[in-house]
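> Any chance you could fold what I've pasted below:
(2 chains)
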Amino acid sequence: MSYKATYHSRIWGSLLFLTLYIGLTLAMPLAAWAAPESAGEVDEQVGKLDMGEVQRFVNRMDHDLQSALPETDFKALVTGLATGRISMQPTEIFNQCINYLFREVVANSALLGKLVVLAVICAVLTNITGAFEKGTTGQLTHMVAYLVLITIAVGSFGMAIQLGREVVEHMVTFMQALLPLLLTLLVAVGGIASAAIFHPIIFITIAAFGTIINNVILPLIFFAAVLEIVSGLSEHFQVSKLAGLLKTVAMSVMGLMSTIFLGVMALQGVAGAVADSLTFRTAKFATNTFIPVVGGVFSDALEAVIRSSLLMKNAVGIAGVLIIIMLLVVPLVKIVTIAFIYKLAGAVIQPVGEDKISNCLNTLGGSLLTVFGAVAMVGLLFFFSLAIVVGLGNITVMLH
Amino acid sequence: MDVLRELIQTIIVIVVLAVLVEMLLPNGDMRRYVKMVIGLLIIMAVLQAAAGVVNSQFMQEVPAVTVSDTGAPPLEDIMAAGEELSAINRDKAEQQYCEGLSGQVLALVNMNSEVQAVDARVNVDRENSDIKEITIVFLAGDKEPAGGAKEGLNFTDNESGALDVQPVVVELGEKTDVHEFSRVNEATPEQKKIAAELTGVIAEFYNLKPDQVKYEFQ
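Numbering: from 1, shown residues only, chains lettered A, B, ... in the order given. As a prediction, the model looks like this:
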């Protein structure tokens, strides 16, 4: 039980952190960006960037996701965010999430109904086993009903896993379209060394992370859930320890990978920013020294122009985070809803006296929350990598 | 992962069979033996999978991921696009710099009331952003009095404040008074001397070589 408690606390901890961090990020900087005099410059710079790949991705997104975005044209979204025309209200986003959650719960009520009815049938069969001529007849019918219930549960569990895999794939594709844009802007604000350092690392880690989540971690969670269900078939043949082992391996791999990912990104980012600022400062020092009166004018003028690129880079980053959130929120809400349905069915069934089924549904709900945690972790890491690339430009300019 | 999938499938089959056998068997000692045999079968399945993993060549199965595999654009393309944007920024900054410097030079030169500077062209070395050359353009002849632009031309202010230009009538055969329309383009020696002094001051002020600051008259 202790490892389960640790998993759940980790999952909810990361969820809470993700929500708080994204909420604060969306709420705080946008109001400070409303600088109407820079609107023309931002428009001009946006026109010079190739945003075709990102736009194609946005066009391929589901209609639901597109309608949730404040602007479906990525260029207009970036310009709107940079000039303060588009402002995201965290309360509005939260309300939409809650509405969607309730809609999903209602849509999945049929699954809840099936699970509860089958569980009640199982409970009745268990109680009337003594009425059959042979006890095994009752056991057999009970087992058949249990297997039907498991089939339904595993079907929706597999669907949730597939949903998670698709989200990870979409996020990886989107990051691969967005990052060249951000790195281009990073080069434009003077982060040449940072971009050169980041280019191989960020693309390889994102692709590797997506592949490992899809091909190792999610299947391991699925296998663990299946073994938990199999353990519920008979009290005498338990494989729950093997299920626990698989789950531990999955979580350990994920923890290790996320630590390495963030550690490498943060260290490389700081190293790149310092190298870039050193180059810029040397040039600035030379200019200032040899032309005493107006020496600083050119570097000041250059910094002022660079700030408009920086503003746009931050706007592109925020727009990217917004799309990552949109890609994440809808499937995550679906997964959470199914987990909630399992947990609710388990809670409803327990008083009927069918502990085996109740535990099985409860375990499936827990495994779905682990899937939710894994997918949310990918989103969180991609969000961090965007934040690091965006923050890196700010540090580079700040160190000028 | 295929090894693990096969192991899980085997375990599921064994457990389901065990449950069926358990139901079919009569109550007695036989159940204990069956349970042990099924347990041994599960251990064998796990050991078989483990042996398969130990004997396999791990590193051959791990793909070597390179940047080109990830579908990322090459670094050269990103650098080229970024540097293009950077060059545009630099041009804009250079333009602002030249305009600012030109204004400063004009303000300094026009502190001398004996000559009038109308323009200061600043050339900047693109590589290291140093000042390459400053050319100050002075107005030759008498210094233009205030409102001199209207001199010689027939301007009248209408009621709305806009300027109306009266038509100029050219009459052939009569002597036209051109004195009011033309300017003397020749600078006086006095003006040339003052201009040379001022360019020297500007060169010293900006820490430039004397030949980097030039003047001309118009």
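> now A:Gly47: how far from chain B?
Per CB to the nearest CB, to the nearest Å, A:Gly47 is found 11 Å from chain B. Just so you know, the C-beta spots here come from the backbone N, C-alpha and C atoms, and that holds for glycine as well.
> Now that residue: closest residue in space, sequence neighbours ignored.
Once flanking residues are discounted, A:Gly47 sits nearest to A:Lys75: 7.9 Å by CB to CB, 6 or more residues apart in numbering or on different chains.
> which residues does that neighbour contact?
By CB atoms under 8 Å, 6 or more residues apart in numbering or on different chains, the contact list for A:Lys75 reads A:Val46, A:Gly47, A:Met51, A:Gln55.
> Quickly check those residues for the two that are furthest apart.
The largest separation in these, counting by CB to CB, is between A:Gly47 and A:Gln55 at 13.5 Å.
> got the residue ranges for the helices in chain A?
Using DSSP state H, the helices of chain A run over residues A:2-27, A:29-32, A:39-48, A:52-60, A:63-68, A:74-83, A:90-107, A:109-127, A:135-188, A:192-212, A:218-231, A:240-290, A:295-349, A:355-399.
> possible to save the ones you listed as CSV with mean pLDDT?
Output for the helices of chain A, formatted as CSV (pLDDT from 0 to 100):
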stretch, mean pLDDT
helix A:2-27, 54
helix A:29-32, 41
helix A:39-48, 69
helix A:52-60, 83
helix A:63-68, 72
helix A:74-83, 81
helix A:90-107, 80
helix A:109-127, 81
helix A:135-188, 85
helix A:192-212, 84
helix A:218-231, 90
helix A:240-290, 76
helix A:295-349, 83
helix A:355-399, 85
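> looking at these, which is closest to B:Gly141?
Relative to B:Gly141, the nearest member of the helices of chain A by CB to CB is helix A:295-349, separated by 33.4 Å.
> Compare A:Gly47 and A:Gln55 and say which is more crowded by neighbours.
Neighbours were counted for A:Gly47 and for A:Gln55 using other CB atoms under 10 Å in any protein chain shown; A:Gln55 has more, 16 against 10.
> from what I can see the more buried one touches A:Asp73, true?
Yes. When contacts are counted by CB atoms under 8 Å, A:Gln55 is listed as touching A:Asp73 (7.4 Å).
> check whether the longest helix seen in chain B contacts chain A.
If you go by DSSP H, chain B has its longest helix at helix B:75-109. Yes. With CB under 8 Å from any CB of the partner chain as the measure, helix B:75-109 is seen reaching chain A through B:75, B:77-79, B:81-86, B:88-90, B:92-94, B:96-97, B:100-101, B:104.
> Make a ChimeraX selection of the buried ones in those residues.
A single ChimeraX command selects the buried members of the residues of helix B:75-109 next to chain A (16 or more other CB atoms under 10 Å in any protein chain shown):
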select /B:75,78,79,81,82,85,86,88,89,90,92,93,94,96,97,100,101,104
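> What residues does A:Leu262 make contact with?
Contacts for A:Leu262 (CB under 8 Å, 6+ apart) come out as A:Leu381, A:Phe384.
> which residues of chain B fall in helices?
B:2-24, B:30-55, B:58-61, B:75-109, B:189-205.
> in chain B, which ranges drop under the pLDDT threshold?
Applying pLDDT under 70 to chain B picks out residues B:57-70, B:126-129, B:142-185.
> go with 80
Under the criterion pLDDT under 80, the flagged ranges of chain B are B:1-2, B:23, B:25-31, B:53-74, B:89-90, B:113, B:125-131, B:140-187, B:207.
> Hmm, A:Lys356 is touching A:Gly232, no?
Yes. The criterion here is CB under 8 Å, and A:Lys356 meets it with A:Gly232 at 5.3 Å.
> With neighbour numbers in mind, choose between the two.
Higher neighbour count among A:Lys356 and A:Gly232: A:Gly232, with 21 against 18, using other CB under 10 Å.
> ok, the residue lying closest to that one once chain neighbours are set aside to A:Leu111 distance?
Computed as CB to CB, 6+ apart, the closest residue to A:Gly232 that is not its neighbour in sequence is A:Cys360, at 4.3 Å. Separation of A:Cys360 from A:Leu111 (CB to CB, to the nearest Å) stands at 15 Å.
> if you count what's nearby, which of these two comes out ahead?
Neighbour totals were compared for A:Cys360 and A:Leu111, and A:Cys360 leads with 27 against 18 (other CB under 10 Å).
> contacting residues for that one?
A:Ile150, A:Ala153, A:Glu228, A:Ile229, A:Gly232, A:Gly346.
> again, 10 Å this time
A:119, A:146, A:149-150, A:153, A:225, A:228-233, A:342, A:345-346, A:349, A:354 (CB atoms under 10 Å, 6 or more residues apart in numbering or on different chains).
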